[in-house]
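**Q** I would like to see how this sequence folds:
(2 chains)
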Amino acid sequence: MIEVEDLWKSFGTNQVLKGITLSIPKGQTYVVLGGSGSGKTVLMKHVIGLFKPDRGLVRVNGVEISRLDGKPLTDARQLFGMVFQGAALFDSMTVFENVAFPLTEKGWRDRKSPDEIRARVVEKLEVVDLGEEVLNRWPSELSGGMRKRVALARALVSDPQVVLYDEPTTGLDPITTDYVDQMILHAKQKLQITSMVISHDIASAFKVADRMAVLYDGHLAAEGTPEEVRRSTDPFVQRFLSTWFAKQ
Amino acid sequence: MRRLQAALEDFGRMILFALEVVAWAVRPPFRLELVVAQMAFIGVGSAFIVGATGLSAGMVFALQMNYALKQFAAEGYVGGSVAFSLARELSPVFTALMVTGRAGSAIATELGTMRVTEQIDAMESMAVNPIQYLVVPRIIAAIVMFPLLTMLFNVIGYAGGFVMGVYVARIPIGPFLEHTREFMDPADILHGLYKAVVFGAIVSVITTWRGYAAAGGAKGVGEGTTRAVVMSSIAVLLADYVITFISVGT
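**A** Below you'll find the predicted structure:
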């Protein structure tokens, strides 16, 4: 479904990614762990074509997304939903308008009726445990957890094949964190969605991942099933994971 | 040398951005409702400040012209001078500068904030091109509204000049109006409106670009907005000189 081959990216003199290769089969959840500033978000933004690689490629469903531009790239993104680290809700729109946005804009050729759109928005908000009372609220009136859940509803509303989660649990309380984890599992099990999760939350990562990788200094220090990564002998991976496993 | 190179690179990127805007402007979907909303923001929202500036400019200019022309006993030409200066120079330039301060800065700040909070990335990830959705409506609205605001400036400015000339400076109404008719040609008004179209394009491209390319959090947005206003103002003055030079020569 998603293949990343020998991906290199630098910003000025800062070499962020140094030859990343990974593959995410259809319907699986792949977690990329790593410290702050390790290039996790840069890697994810390559997958959806927000960044162009200096070298290497990204293929989604056989289409080389890293080479697309303009309208073909815009069309290719219809496969995706993405949850951003800070939720990235549109300030100038209500919750309803935010969640409805992919439906009203994506399907302009075969636009759905207002009733259909409203029903779909309400349905997706219910999935993330939010009621109709939030429909007319502005993003600034929501708590951090609610904003994340609205962002999740927006990512799922157009039934994407792939959902990318950028630090979905950062800054959330333990209950909301568990809720988001359940949402990611629900998306995989019930909707057969392929997911890529970028995180430094080790507990969440081990809960939702089918496969995972640890990103360090621009390359994958470990890659495999959660158990394989846990047994990695790489010193950084051991140090990174011990911060959480030592507490258990 | 490095700063010059960076400035040239930035200018080059802005030109590519403008070309991309043109490419997306002619592609469906055409979001008329967004254009109308921006016309309301840029045009209707700026009407008060443009009208107030026009009134002030017309009144002051009429008093100054009266003071100067009185020495040659030519006060009757005040109306014509005011109308001519407003139509060809004052209205398009003052309107562009006022709208840059009011709407241009807001455009740069809004798009800059959307950029640094990843709202623009989010829009792209939802298969919606942000240039087509956010930038094209603002540029079309500016190109349409700048000439209309310039006409508003013309009308209110001349009305201000008329009140000052006829009721304060006591210039007889006959010569005031007759010399206006004599001085003015529709081509003079069109000359100002052409300038307004060019200024609208310049201001909207620069302010949207500075917002769209913002980086580095709140500080980056603030710097982007400042640069948007300064660059737009200088570009308007420069373009005014070039258009005037091409049109009337030396």
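**Q** any weak-confidence spans in the chain?
**A** Just so you know, I chose chain A. Within chain A, the ranges that satisfy pLDDT under 70 run A:106-111, A:245-248.
**Q** looking at chain B here, not the other one
**A** For chain B, residues meeting the criterion pLDDT under 70 lie at B:250.
**Q** Chain A contacts on chain B?
**A** Taking C-beta under 8 Å from any C-beta of the partner chain as the measure of proximity, chain B contacts chain A at B:23, B:27-29, B:110, B:113-114, B:117-119, B:121-129, B:133. Bear in mind the C-beta positions are built from the backbone N, C-alpha and C, glycine included.
**Q** let's see it at 6 Å
**A** Within chain B, the positions near chain A by C-beta under 6 Å from any C-beta of the partner chain are B:Pro29, B:Glu118, B:Gln119, B:Asp121, B:Ala122, B:Ser125, B:Met126, B:Ala127, B:Val128, B:Asn129.
**Q** Go through those and say which is closest to B:Gly80.
**A** Among those, B:Pro29 lies closest to B:Gly80 (C-beta to C-beta), at 48.6 Å.
**Q** and the residue nearest to B:Gln132 when sequence neighbours are not counted, what does it touch?
**A** If you skip the residues right next to it in sequence, B:Gln132 has B:Trp24 as its closest partner in space, 4.0 Å away by C-beta to C-beta, 6 or more residues apart in numbering or on different chains. For B:Trp24, the contact set (C-beta atoms under 6 Å, 6 or more residues apart in numbering or on different chains) comprises B:Ile131, B:Gln132, B:Val136.
**Q** out of everything not next to it in sequence, what's closest to the most centrally placed residue in chain B?
**A** In chain B, the C-alpha closest to the average C-alpha coordinate belongs to B:Ala96, at a distance of 2.2 Å (C-alpha atoms, centre = their mean). Ranked by C-beta to C-beta, 6+ apart and with sequence neighbours excluded, the top spatial neighbour of B:Ala96 is B:Phe199, at 3.8 Å.
**Q** What's the separation between that neighbour and chain A?
**A** In this structure, B:Phe199 and chain A are 26 Å apart, going by C-beta to the nearest C-beta, to the nearest Å.
**Q** how much space between that residue and B:Ile189?
**A** 15 Å (C-beta to C-beta, to the nearest Å).
**Q** of these two, who's got more company?
**A** Neighbours around B:Phe199 and B:Ile189, counted as other C-beta atoms under 10 Å in any protein chain shown, are more numerous at B:Phe199. The numbers are 29 against 19.
**Q** Please name the residues that touch the more buried one.
**A** With C-beta under 6 Å, 6+ apart as the criterion, the residues that contact B:Phe199 are B:Ala96, B:Phe146, B:Val236.
**Q** Report the secondary structure state of the second one.
**A** Using DSSP: H, G, I helix; E, B strand; the rest coil, the three-state assignment for B:Phe146 comes out as helix.
**Q** give me every residue that touches it.
**A** Taking C-beta under 6 Å, 6+ apart as the criterion, B:Phe146 is in contact with B:Ala196, B:Phe199, B:Gly200.
**Q** Quick check: closest non-adjacent residue to it.
**A** Counting by C-beta to C-beta, 6+ apart, the nearest residue to B:Phe146 once its immediate chain neighbours are dropped is B:Gly200, at 3.2 Å.
**Q** Might one say that that neighbour is in contact with B:Ala142?
**A** Yes. Applying C-beta atoms under 6 Å as the test, B:Gly200 and B:Ala142 come out as touching, 4.2 Å apart.
**Q** just the helices in chain A please.
**A** Residue ranges of the helices in chain A, as given by DSSP state H, are A:40-47, A:70-76, A:95-106, A:114-127, A:144-156, A:174-189, A:202-208, A:226-230, A:235-245.
**Q** Pipe the ones you listed into TSV and attach mean neighbour count and distance to B:Phe176 per row.
**A** Formatted as TSV, these follow (neighbours: other C-beta atoms under 10 Å in any protein chain shown; distance: least, C-beta to C-beta, whole Å):
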stretch	mean neighbour count	distance to B:Phe176
helix A:40-47	24	65
helix A:70-76	15	57
helix A:95-106	22	54
helix A:114-127	16	57
helix A:144-156	24	62
helix A:174-189	17	73
helix A:202-208	21	78
helix A:226-230	16	87
helix A:235-245	15	83
